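Peer 1: Dropping the sequence and predicted coords here.
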Amino acid sequence: MKEKLWLGVVACLAYCIDKELYHAIDYLKEQVRVLVEQQEKQNKRILLTNRQRMRIAAKAKRLSRKMLDQTTVLFSPDTVMGWYRNLIADKYDGSKHRGKVGRPQVDDEIIALVLELKKQNRRWGYQKITDQIVYLGYRISKSCVRNILVENGFDPEPDLTVRSTWHEFIQSHWEVLAACDFFTVELLVKNRLVRCTVFFVIEIASRKVFFAPVKPQPDGDFMKQMARTLTNCEDGFLKGKTYLIHDRDPLYRTDGFHALLKSSGIEPIRLPAHSPDLNVYAERFVRSVKSECLDYLILSSVEQLEYVLDEYSNYYHHERIHQSLGRIIEPKHQLDETADIRCIERLGGLLKSYHRLAA
């Protein structure tokens, strides 16, 4: 009798507790429905982080399928159980510790080097480019070089149809080439203009320039003396040169000038008429010295002109950046990459250059 009484009391308590629990669950579900309706009204999706999915999945695993169907509002039971399965899969996922598979990627530095070598050497094929890159210390196969060339629109085979340009031809021979020319400067002497002629010689390879002593009106004797000076065995400016390019100025046709050059092993090359483009290096120097210096000065004596040319020569050789060479011809200042930048001025600031000079 007592056992039945206790069972009845427990059943009543369980009913009261379950009824209260069901009311609480209905209340929570209704709140969730209201939140969902608000989200739908604002046309927004409910986005969860991985951490939030893990928390929901861990709680859902404790419920039976029937209870999960009754209590889930935001997500379907299959979705929640799918999160739980993904949680288990992530636990045993070892892909993060797996090494890279397949062929390793080629560094951008090597790709750029392959393309640069092909652009500079159109007659090279992929085999020769591979040999050169391996010699430089890189590891790469010839098939990889071939693929790089094909992907960037280059023929991997040697292009034997490429013709030499004049620039390439001159560059192959310019160690033995020199050129000379004249330019004129008007001096203002005693309220009248006096034309003064300047003779110079330029090395094609190094762009070094030799200025002859200024003489208002050069003649045959002057040209003979210049030939002796240029071909001096010890320190002549044309030492080691084989050809001297010049135009058709009558001063070059003097007997002694050509004879002295030929006796020193230098062959004078006389250009065709009206062809300054065949003496481009000398013509370009004339433009530089005038546009950078002489066009901004009024000179009144030969001494002043010689001083200006000497200053420009020092600037041109030791301080001016030459674009075609990518450097200074003969840097005479000791440089320090950590030193402050200093400005070197010549001719009252007409010629300026900037350097990091050592103290």
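Peer 2: Perfect, I can see it now. Numbering: from 1, shown residues only.

Peer 1: mind checking how far the residue nearest the centre of the chain is from residue 270?
Peer 2: With distances taken as C-alpha atoms, centre = their mean, the residue of the chain nearest its centroid is residue 112 (10.3 Å). Using C-beta to C-beta, to the nearest Å, residue 112 is found at 45 Å from residue 270. For glycine as for every other residue, the C-beta is placed from the backbone atoms N, C-alpha and C.

Peer 1: ditto for residue 49
Peer 2: 85 Å.

Peer 1: Pick out whichever of these two has more residues nearby.
Peer 2: residue 270 (14 against 8; other C-beta atoms under 10 Å).

Peer 1: Surely the more buried one is in contact with residue 250?
Peer 2: No: with contacts counted by C-beta atoms under 8 Å, residue 270 stays clear of residue 250, the gap being 11.6 Å.

Peer 1: Now do the contacts for the closest residue to residue 264 other than its chain neighbours.
Peer 2: In this structure, residue 264 finds its nearest non-sequential neighbour in residue 231, 3.8 Å apart by C-beta to C-beta, 6 or more residues apart in numbering. By C-beta atoms under 8 Å, 6 or more residues apart in numbering, residue 231 lies in contact with 238, 239, 260, 261, 263, 264, 266.

Peer 1: Residue ranges of each domain in this protein, please.
Peer 2: 2-91, 108-151, 172-356 (automatic domain parsing).

Peer 1: which of those has the lowest average pLDDT?
Peer 2: With a mean of 65, domain 2-91 has the lowest mean pLDDT of the domains of the chain.

Peer 1: Packing partners of the strand or helix carrying residue 110?
Peer 2: Take DSSP states H and E as the rule and residue 110 turns out to sit in helix 108-120. With contacts taken as 3 or more C-beta pairs under 8 Å, 6 or more residues apart in numbering; DSSP states H and E, helix 108-120 sits against helix 126-135, helix 142-151.

Peer 1: rewinding a little: can you list the domains of the chain in JSON lines and add distance to residue 164?
Peer 2: Below are the domains of the chain laid out as JSON lines (distance: least, C-beta to C-beta, whole Å):
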{"stretch": "domain 2-91", "distance to residue 164": "65"}
{"stretch": "domain 108-151", "distance to residue 164": "10"}
{"stretch": "domain 172-356", "distance to residue 164": "8"}
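
Peer 1: Ok, which of these comes nearest residue 163?
Peer 2: domain 108-151 (10.0 Å; C-beta to C-beta).

Peer 1: tell me the phi and psi of the nearest residue to residue 338 once chain neighbours are set aside?
Peer 2: Take residue 338 and drop its neighbours on the chain: the residue closest to it by C-beta to C-beta, 6+ apart is residue 356, 7.6 Å away. When read as degrees, to the nearest 10, the backbone of residue 356 gives phi -100, psi 100.

Peer 1: got the contact list for residue 356?
Peer 2: Per C-beta under 8 Å, 6+ apart, neighbours of residue 356: 335, 336, 337, 338, 339, 340, 341, 342.

Peer 1: And the strand or helix carrying residue 89, what's buried?
Peer 2: For residue 89, the element it lies in under DSSP H and E is helix 77-91. Buried residues in helix 77-91, counting neighbours by 16 or more other C-beta atoms under 10 Å, are found at 77, 80, 81, 83, 84.

Peer 1: Is it correct that the fourth one is in contact with residue 51?
Peer 2: By that I understand residue 83. No: if you go by C-beta under 8 Å, residue 83 and residue 51 don't touch, sitting 11.3 Å apart.

Peer 1: Do you have the strands of the stretch 101-250 of the chain handy? List them.
Peer 2: 177-189, 192-203, 209-211, 243-246 (DSSP state E, counting those that start in this stretch).

Peer 1: Contact partners for residue 118?
Peer 2: Counted by C-beta under 8 Å, 6+ apart, residue 118 has contacts 124, 129, 149, 154.

Peer 1: and the gap between the closest residue to the last one other than its chain neighbours and residue 128?
Peer 2: Just to be clear, that refers to residue 154. Distance criterion C-beta to C-beta, 6+ apart; nearest residue to residue 154, sequence neighbours excluded, is residue 118 at 5.2 Å. Going from residue 118 to residue 128 by C-beta to C-beta gives 10 Å.
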